[in-house]
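[1] sequence and predicted model, in that order:
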Amino acid sequence: MAEKKPSNREQVKQIVAGIEGSIQELFQSERYAEYLRTMSRFHTYSVNNTILIHMQMPNATHVAGYNKWKNQFGRHVKQGEKGLTIIAPTPLKKKIEEMRLDPDTRTPVLDRDGNIIMDEKTVEIPLFKPVKVFTADQTDGKPLPSLAVALTGDVQQ
């Protein structure tokens with residue numbers, strides 16, 4: 001005799017149980033803990049850029065662009081260092097002409113001669129480009145500020 005095929009409801013329950021198990025496993029795994037440690041180091045970067053940095057250098061800590069290291073931190077990138085690639089917003093501002101519309105009727109407004117009045121408007125088009133950033137290990141110069149001082153020396157007993 002043929003086995004009875006599970007109903008749709010039973011199949012959905014099995015799928016949901018599998019997903020819940022996988023999610024619990026992920027949250028308890030070392031991989032997730034490593035991901036969270038990495039995310040915490042790059043609080044000023046988007047999730048996508050944080051993932052890009054992590055993929056290129058999982059143990060990266062302080063990350064900044066060339067000019068930021070130079071101008072804000074008093075450090076310079078070591079010669080021959082290869083930067084990590086991230087995606088940076090570079091919005092394009094463009095001037096366009098747009099018909100002036102009546103706020104109530106949403107029809108074009110005409111001047112005294114019956115011509116449509118055109119207004120110049122600046123719009124921002126979101127664009128992105130790849131840029132290079134560098135980790136603190138790839139730089140030399142003024143020491144970075146820290147909250148704690150490294151302990152040195154021996155403690156007996």
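    Happy to help now that I have it. Remember, it's a predicted structure, so these values are computed and weren't measured experimentally.

[2] excluding residues flanking it in the chain, which one is nearest Val63?
    Of all residues not flanking Val63 in the chain, Val133 sits nearest, at 5.0 Å (Cβ to Cβ, 6 or more residues apart in numbering). The way it works is simple: take the backbone N, C-alpha and C, and place the C-beta from them, glycine included.

[3] what's around the one you found, how many residues?
    The number of residues packed near Val133 is 23, by other Cβ atoms under 10 Å.

[4] and the strand or helix carrying it, average pLDDT?
    Using DSSP states H and E, Val133 maps to strand 128-135. Average pLDDT, strand 128-135: 93.

[5] helices of this structure, residue ranges please.
    Secondary structure of the chain (DSSP state H): helices located at 8-28, 30-41, 47-56, 66-71.

[6] with just CA atoms, put the shortest one into CSV.
    As requested, C-alpha coordinates have been extracted for helix 66-71 and formatted as CSV (Å, rounded to 0.1, in the frame of the first residue of the first chain):
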residue,chain,number,x,y,z
TYR,A,66,43.1,57.6,2.9
ASN,A,67,42.3,61.3,3.6
LYS,A,68,40.5,60.6,6.9
TRP,A,69,43.6,58.7,8.2
LYS,A,70,45.8,61.6,7.1
ASN,A,71,43.7,64.6,8.1
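
[7] flag every buried residue along that helix.
    66, 69 (16 or more other Cβ atoms under 10 Å).

[8] quick one: contacts of stretch 128-139?
    The set of residues external to stretch 128-139 that reach it, using Cβ atoms under 8 Å, 6 or more residues apart in numbering, is 53, 57, 60-66, 69, 73, 75-78, 81, 83-90, 144.
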